[in-house]
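> Coordinates for the following, if possible.
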Amino acid sequence: MATSLVYRITGVFGVLSAFVLIVNAFRRLEVISPSGLVRGLSPLAEAFGLLLLVGVYLRHAPRIGRLGLAGFALNAIGLAGVAGIEYILNFVYSVLPRAQVAALQDGSAGTAIVVTSMVFLAGVVLFGLSLVRSDAPNAAVALYVLGCGLIALRGVLPEAGLQVGLLAAAAGSAWLGLSLFREAGRTAADRSRVLPA
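Take a look at the predicted model:
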């Protein structure tokens, strides 16, 4: 598959991830109704974000070295885990009595959520630090790291912190996605100049 197509596809998923993050923020603010469809969209932010992450890593891998690889791996594992957490929060915890949710949180389910969140946080920070060495847009990376970091810390932050995190992560994801889309155009143009007519 052509590199430009990979960048284009993963860039689109970055924008889709941003859209779902914004929907999640508006749902939590009660601007939109928390219907089954809206709740069902929630885990897609992480699924789409995982595909964006692949594109960003492939684009910048030559410059970010082992730190980038470690950050990418932890970030990817964390995103997959956070998608699972979103399913639990939206389809399990939301229909259980509060006492039962509290009991689950005090047990192994709560521990798993905390560990997953810390893996996600570590991956986001390491990947963000590695991208400083690349030509990725620094402001986009900063928004992504800030937003995802706040999302990872949702268990200890007030609701306002999570809201800021969702919106910052949306802005960073959209920006990174659009930068991949632009890179796809440059890569395709470079290939057309190299290939014989």
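
> Can you tell me the SS state at the residue nearest to A47 when sequence neighbours are not counted?
If the residues on either side of it in the chain are set aside, A47 comes closest to A83, at 5.7 Å by Cβ to Cβ, 6 or more residues apart in numbering. In short, each C-beta sits where N, CA and C put it, glycine included. Under the three-state scheme (DSSP: H, G, I helix; E, B strand; the rest coil), A83 adopts helix.

> just checking, A83 touches L51?
No - counting by Cβ atoms under 8 Å, A83 stays clear of L51, with 11.8 Å between them.

> Could you find the closest non-adjacent residue to W175?
W175 sits nearest to A140 (Cβ to Cβ, 6+ apart), 3.6 Å away.

> Remind me which helix or strand that neighbour belongs to.
Secondary-structure element containing A140, defined by DSSP states H and E: helix 138-152.

> contacts for that helix?
For helix 138-152, contacts defined as Cβ atoms under 8 Å, 6 or more residues apart in numbering pick out 21, 78, 82, 117-118, 120-121, 124-125, 128, 131-132, 157, 161-162, 164-173, 175-176, 179.

> Name the SS class of S33, please.
Put simply, S33 is coil when judged by three-state DSSP.

> Just give the nearest non-adjacent residue to it, would you?
Per Cβ to Cβ, 6+ apart, closest to S33 is R27, 7.8 Å.
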